[in-house]
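Participant: Sequence and computational prediction follow.
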Amino acid sequence: MWNIGCKESDCLWSIIILISFHLVNLTCGDKTIGAICDDGTFLYEAAIKVAVASITEEEESPLIANVIRTSPGDLLETEDAVCSLLEKNVYGIFGPTKKDSILHVQSITDNLEIPQVINQAMETQNRNWSAVNLYPHHISYSQLFTDLIEMKDWKEFTIVYEGSELLPFLENIFTMQDLNKRQKILMNVVQLPDGDDFRSQLKAIKKSGSVNFVLDCTLENLSTFLEQAQQVGIMSDQHSYLIMNPDFQTIDVDPFKHGGSNITGIRFFDPNLDSIQKFISDINEKVVELSEGQLEKAVTENGLTFDLALMYDAVTIYGSALNALGLEEGANITCDQDDGWEFGSSIINYIRTMEIDGMTGIIKFDDEGFRSYFEVDVLEIMPHGLEKVGSWNIEDGLIQDRNFIAPAEPESSETMKGKHFIILTALSAPYGMLKESSKRLEGNERYEGFGIELIEELAKMNEFNYTFELQTDGVYGSFDTTTKQWNGMMKKIMDGIVDFGITDLTITSTRQKAVDFTSPFMTLGITILYKKPTKEPPDLFSFISPLSPGVWSWLAGAYIGVSVLLFALGRMAPEEWQNPYPCIEEPETLDNQFTLANSFWFTLGSVLTQGSEIAPIAVSTRMAGSMWWFFTLIMVSSYTANLAAFLTIESKFYAIKSVQDLANNPYGITYGAKKNGATFSFFMESDNLLYQKMYHYMDEHPEYQTATNDQGLERVKSENENYAFLMESTSIEYMVERNCDVAQVGGLLDNKGYGIAMKKNSPYRQPMSESILQLQEDGTLTKLKDKWWKEKRGGGACEDDDTAGGEAQPLVLANVGGVFIVLVVGSAMAAVCAFFEMLLDVWMICRRHKLPFLDELKAELRFILSFSGDTKPVRHRELSGSGSRSTKNDEEDKNCELESLDDGNKLDPAPTPRSERSTHSHHTIHSRRTSNAVQMAKMRKYSIRSGI
């Protein structure tokens, strides 16, 4: 793939070395080269292995790369890696990449006479025999940029460099100024700080007035520096940059293509070559393999760096040297030995006599072993991207490939050059205004504004002179269908009295038929100017606002539904039927705390976060209660949060929000536009029914039309009139910046532009339009608009007048629908649970009393569905047995009854339920149960005494 040769002066020495090696009888086998990769990535390892595989693809004894990865800058790991590689009988060592590690490895290989191949920029090139560096020598490299500076004829420039290790590559540039020849070159030197913020240095450079820069920094900081230079403002068409980094072609140049700066750099290879693209593809495949699929596209299509290409060339030249020498056995050396490898110096000497056409161009070394000869392409950033403009080598110097052709001027620009034009304008802020001055002004000095400065810019670009003339009546011009004549500014332009007309003159189809317009210098649309919305008075019922009416309805429905569900579950669940008389083991009736009223009270207490004295007992009622508590937790939290927003954000009253509201006129608002202006013509010529309705209204009420936009503003601001004014959005923007009591209402009704008017078929239309487009592209028009809208003449006064972040919106069902779903699902599960509880209880009763299951189930369901109060009769009671157990129970009953009689007047009559029931107290039926217990106790006591 690459052509290999030697210098004529060294051919004899090379032949002697070749003959001596071929005479040695060595065992054939694979040749192993060692490599230390401390870059922290897989790129160097991939590049070495791809290069080895490429150059030894068809050889009988191919090269093998033994690669050891080490931590960046770790000298101990690096030394261990060197010793480990030497034990593998390697033919040489490639790398590492970090400066300290390179020097450390060099000290070892120098002592053991092992060849070391380097591909990194070193500020001091080693002249020892043990190392060969493929990176260009710093003296030749600095000469390249010295020639470029001389070609550009820079008499002043600033050198910006990143670290002291790069200073040797600036050596020839520093010596450019020859004092003997009395050359006057102003040279500034700035060192960049650590980190990635260079703005303070860039601002100092800008303040110095320097416009030419030589930049030497790492690839990681190159794009950052250029972007920050753009931000600071030193990347215009007055500034030039010379980039010394050899990887200049790999950065994204799109942000700098249209800034106007001349940015020049170099490259050692064309990334579009097939061989380069194949190398990139092979590296990416190898990185995927080494990273086990974690990294893909490690090198982009245009992202091959110089050091990776040098690694390929290093393997190529080293493999060629081994093949040429016929060396078949590596160095049998260890780090502990004192003797060196006998063939190491021969390999290095032979490499220094070689010449190879590699991936990075011609590689050959001078008498001192440095790569002083190399050839590069010179590149410049153009609007279409990078373009080669020349080449350079140490023998021929700079060779320019580009033929400099003067840019073609627009066809009619020459006709404008040096001519004098009359330009008509009108007093319409901010396009044309009388300058405020205590001195008497004459001529063009009397006027200022956006349109005035726009003409100044166009005059500079097209090199013409001009005089402003004022349209005193402010009439822009409209077509009279009766007389078939134009008036105002349009008539003067058509009659040739003036050459151009500039103000807020709208380009319309009717005007376009009468005169020519340039490309629009501003786009806009018709909208409404009206009073700012007023703040609404506080609402007495604002506490209802956090939730929408729909959510309130769903909340009420959920409250009723869950209350009724709890009532039904209470009747179904056996555990909710409790013994009202704890002293009676087998009562005749059971009571239920979940009456309809108590169910509603329980759910209401949860909603109001107050709780109640009712506590569910059964699993089903507890499940339903828990779902309701979760529901109320979310709803109450959401309500509270949104209520805070409603109370802190002031609502505003909008009388109108769109042109539809204005046309319907709900609050008796009158409206109009400038008489015979473009806005009025828009409504007159529109086919839209709504706009036609508004046109008829304005046509029937001519008193609502105004002569100027300023009159319309005053009528909008008037407290005695409820008036809205229709006008162009840009004019409204200007007024709103200075009048804090008015605002733009609604969106744009159309889309149109302002242009400079001139006589029909004017030869100046094309150059003027092209100049306006150029001003749009370079941001000049935007700067002018910001200046005259937001800075001059009181602009920005209302910038922070309305800082409200919007109005609070009530929560709708979509916001809280999920919690309703949770409530419904939980309630359904509770109902199912209650049904199974009832079935289990019926089955146990049937089993205990040996009753038919279906009959008992029907009886239970009839009672549940009867909804007959909160008392349930016990249908199957167990009779008390005889003997001691009966006697014991009678005694307990007597004692309990006597205690009840004695304590009947106490305040805490709540009974204690049976042990097999829940231990919850039931205060809802507390007074009734107490009186019943006392009465029963009295009756039983009376019966006992009578029996005695």
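Facilitator: Yes, it's here.
Participant: Strands of the stretch 201-350 of the chain, start to end?
Facilitator: Along the stretch 201-350 of the chain, counting by DSSP state E, counting those that start in this stretch, strands occupy 212-216, 240-243, 262-267.
Participant: As JSON lines, the ones you listed with mean neighbour count would be great.
Facilitator: From N, CA and C alone the C-beta is placed, and that goes for glycine too. JSON lines is the format used below for those (neighbours: other C-beta atoms under 10 Å):
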{"stretch": "strand 212-216", "mean neighbour count": "23"}
{"stretch": "strand 240-243", "mean neighbour count": "21"}
{"stretch": "strand 262-267", "mean neighbour count": "21"}
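Participant: possible to save those as CSV with mean pLDDT and distance to L186?
Facilitator: Listed next are those as CSV, based on pLDDT from 0 to 100; distance: least, C-beta to C-beta, whole Å:
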stretch, mean pLDDT, distance to L186
strand 212-216, 94, 10
strand 240-243, 94, 15
strand 262-267, 93, 19
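Participant: Ok, which of those strands comes nearest A131?
Facilitator: When these are compared by C-beta to C-beta, strand 212-216 sits nearest A131, at 24.0 Å.
Participant: Extract the C-alpha set from that closest one and format it as CSV.
Facilitator: Provided in CSV are the C-alpha atoms of strand 212-216 (Å, rounded to 0.1, in the frame of the first residue of the first chain):
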residue,chain,number,x,y,z
ASN,A,212,-5.1,38.6,14.1
PHE,A,213,-4.6,35.5,16.2
VAL,A,214,-2.3,32.5,16.2
LEU,A,215,-4.0,29.8,18.3
ASP,A,216,-2.2,26.7,19.7
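Participant: the inter-axis angle of that strand versus strand 262-267?
Facilitator: On the basis of axes from the mean of the first three to the mean of the last three C-alpha atoms, to 10 degrees, strand 212-216 is oriented at 30 degrees to strand 262-267.
Participant: packing partners for strand 212-216?
Facilitator: In terms of contacts (3 or more C-beta pairs under 8 Å, 6 or more residues apart in numbering; DSSP states H and E), strand 212-216 is packed against helix 138-152, strand 156-161, strand 240-243.
Participant: May I see those organised as a markdown table, with distance to G796 added?
Facilitator: Below are the helices and strands packed on strand 212-216 laid out as a markdown table (distance: least, C-beta to C-beta, whole Å):
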| stretch | distance to G796 |
| --- | --- |
| helix 138-152 | 43 |
| strand 156-161 | 36 |
| strand 240-243 | 36 |
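Participant: With respect to G369, which of the ones you listed lies nearest?
Facilitator: It's helix 138-152; of the helices and strands packed on strand 212-216, that one is closest to G369 (C-beta to C-beta) at 13.4 Å.
Participant: Now that closest one: average pLDDT?
Facilitator: Averaged over helix 138-152, pLDDT sits at 90.
Participant: gap between it and the chain center?
Facilitator: Distance, stretch centre to chain centre, for helix 138-152: 42 Å (C-alpha atoms, centre = their mean, to the nearest Å).
Participant: Tell me how many other residues crowd the closest residue to Y639 other than its chain neighbours.
Facilitator: Spatial nearest neighbour of Y639, excluding adjacent residues (C-beta to C-beta, 6 or more residues apart in numbering): P546 at 5.2 Å. When neighbours are defined as other C-beta atoms under 10 Å, P546 has 22 of them.
Participant: Tell me who's in contact with A65.
Facilitator: By C-beta atoms under 8 Å, 6 or more residues apart in numbering, the residues touching A65 are 32-33, 35, 48-49, 52, 315.
Participant: Would you format those as TSV with neighbour count, pLDDT and distance to A514 included?
Facilitator: Output for these, formatted as TSV (neighbours: other C-beta atoms under 10 Å; pLDDT from 0 to 100; distance: C-beta to C-beta, whole Å):
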residue	neighbour count	pLDDT	distance to A514
T32	16	88	87
I33	26	90	82
A35	27	93	79
I48	26	92	75
K49	21	92	75
V52	23	90	78
V315	26	92	76
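Participant: between the residues you listed, which is nearest Y734?
Facilitator: I48 (66.0 Å).
Participant: Doesn't that closest one belong to a helix?
Facilitator: Yes - under DSSP: H, G, I helix; E, B strand; the rest coil, I48 sits within a helix.
Participant: I figured it hits D313, correct?
Facilitator: No - here I48 lies out of contact with D313, judged by C-beta atoms under 8 Å, at a distance of 11.7 Å.
Participant: what's the closest non-adjacent residue to T70?
Facilitator: Counting by C-beta to C-beta, 6+ apart, the residue nearest T70 is E77, at 4.2 Å.
Participant: Give me the distance between that neighbour and A131.
Facilitator: 20 Å (C-beta to C-beta, to the nearest Å).
Participant: neighbour-wise, which of those two wins?
Facilitator: Neighbour tally, E77 and A131, criterion other C-beta under 10 Å: the higher count belongs to A131, 23 against 18.
Participant: Look up the pLDDT of that one for me, please.
Facilitator: In this model, A131 is scored at 85, pLDDT.
Participant: Contacts only, for it.
Facilitator: Taking C-beta under 8 Å, 6+ apart, we find A131 in contact with 106, 109-110, 115-118, 348.
Participant: Bridged to the closest residue to it other than its chain neighbours, which residues?
Facilitator: In space, and not counting its chain neighbours, A131 is closest to Q116: 4.5 Å by C-beta to C-beta, 6+ apart. Beta-bridge pairing for Q116 (DSSP bridges): I93, A131.
Participant: okay, now Q116: neighbour count?
Facilitator: 26.
Participant: Equivalent analysis for T609, please.
Facilitator: Residues near T609, counting by other C-beta under 10 Å, number 10.
Participant: tell me which element it is part of?
Facilitator: If you go by DSSP states H and E, T609 is not part of any helix or strand.
Participant: mind checking pLDDT for it?
Facilitator: In this model, T609 is scored at 74, pLDDT.
Participant: And it, how close does it get to S637?
Facilitator: As for T609, its distance to S637 is 10 Å (criterion: C-beta to C-beta).
Participant: and what of L854?
Facilitator: Taken as C-beta to C-beta, the span from L854 to S637 is 48 Å.
Participant: for G795, same thing?
Facilitator: 46 Å.
Participant: Which one's more surrounded, the two?
Facilitator: Per other C-beta under 10 Å, whichever of G795 and S637 has more neighbours is G795, with 17 against 10.
Participant: Could you find the closest non-adjacent residue to the more buried one?
Facilitator: Leaving aside its chain neighbours, G795 sits nearest to E737 (4.9 Å; criterion: C-beta to C-beta, 6+ apart).
Participant: Can you name the residues in contact with the strand or helix carrying that neighbour?
Facilitator: E737 belongs to helix 729-738 when assigned by DSSP H and E. With contact meaning C-beta under 8 Å, 6+ apart, helix 729-738 is reached by 428-430, 504, 522, 524-527, 529, 709, 713, 742-744, 748, 754, 788-790, 793-799.
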